[in-house]
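> All I have is the shape, not the residue letters:
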């Protein structure tokens, strides 16, 4: 008979038990999210963000979400127009996230300055103001996103990644309102508050490209869906900018929506 003692199933009291993830019967664990190499925001070159909001709690919530994503780097944050001007002048950045109502002025002023100092930056408005006048003015000044504070179904980190990759970031509630405007134009009606807008005729292909842009698709995705090259997609987008006299995808979507071409 062997004197060998079989290993015990009793855990060693000096050793911490291994923690295992369990899933309900019949369910597989969710796949790890993939981030394609061709999209901006790799961990070795994160998207640089400036955050300006005088609501300390809200600023802390947004900052925490941005800092938790390795694809994003929070370069600086402030609570006033004065802070914003200092950060714009002293930091390199890719995205400015700004509230419209600041204690010492308007976020619109910072949007204008950001466009002058950093022509190709992206701008996301974070505001409690959701009336059409503020939303449309932000887009007219060059904003590429508009998020409502305390809104459900939105991610500040995903919004940053959307705009730097050619998309637009708009709170779903505001997107629904834009869709309503599109339906009104399609039926021949016009909102009572709508002002006269510049008319420009887009080709069928340009409208098709712009519809994908409105859904948040980047050029690579649009080219794959339409079976054309990325260069052709970008050429269409440049033509759209020229015809509509705009400088960003968000502006193009907004104006085309108001003129009934989407």
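That came in fine, so what should we check first? The shown structure was predicted, so the numbers you read here are calculated from the model rather than taken from an experiment.
> name the helices or strands packed onto the helix or strand containing residue 112?
Assessed by DSSP states H and E, residue 112 sits inside helix 107-117. When contacts are defined as 3 or more Cβ pairs under 8 Å, 6 or more residues apart in numbering; DSSP states H and E, helix 107-117 packs onto helix 81-90, strand 95-98, strand 122-127, helix 132-140. Quick note: C-beta positions are derived from backbone N, CA and C, even for glycine.
> Switch the ones you listed over to TSV; also include mean neighbour count and distance to residue 213.
Shown next, in TSV, are the helices and strands packed on helix 107-117 (neighbours: other Cβ atoms under 10 Å; distance: least, Cβ to Cβ, whole Å):
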stretch	mean neighbour count	distance to residue 213
helix 81-90	17	27
strand 95-98	26	18
strand 122-127	25	14
helix 132-140	18	13
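> Between these, which one is closest to residue 69.
Proximity to residue 69 (Cβ to Cβ) singles out strand 95-98 among the helices and strands packed on helix 107-117, at 12.5 Å.
> Give the pairing partners of the closest one; include direction for each.
Strand 95-98 pairs in its sheet with strand 47-52 (parallel), strand 122-127 (parallel), by DSSP bridges.
> Could you point out which of the helices and strands packed on helix 107-117 sits nearest residue 151?
strand 122-127 (10.0 Å).
> surely residue 87 meets residue 52?
Yes - if you go by Cβ atoms under 8 Å, residue 87 and residue 52 touch, sitting 7.3 Å apart.
> Mind listing the shared neighbours of these two?
Here residue 87 and residue 52 have 77-78 as joint contacts, going by Cβ atoms under 8 Å, 6 or more residues apart in numbering.
> can you give me the helices for the chain?
With helices called from DSSP state H, the chain shows them at 56-67, 81-90, 107-117, 132-140, 156-164, 172-186, 204-214, 219-226, 230-244, 249-258.
> Rebuild the ones you listed as a markdown table, extending it with mean pLDDT and distance to residue 100.
Below are these laid out as a markdown table (pLDDT from 0 to 100; distance: least, Cβ to Cβ, whole Å):
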| stretch | mean pLDDT | distance to residue 100 |
| --- | --- | --- |
| helix 56-67 | 95 | 13 |
| helix 81-90 | 96 | 11 |
| helix 107-117 | 93 | 4 |
| helix 132-140 | 86 | 6 |
| helix 156-164 | 94 | 16 |
| helix 172-186 | 68 | 14 |
| helix 204-214 | 87 | 23 |
| helix 219-226 | 88 | 30 |
| helix 230-244 | 86 | 24 |
| helix 249-258 | 76 | 16 |
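> Now those helices in TSV, please, with extra columns for distance to residue 48.
Output for these, formatted as TSV (distance: least, Cβ to Cβ, whole Å):
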stretch	distance to residue 48
helix 56-67	11
helix 81-90	11
helix 107-117	13
helix 132-140	21
helix 156-164	10
helix 172-186	26
helix 204-214	24
helix 219-226	21
helix 230-244	23
helix 249-258	20
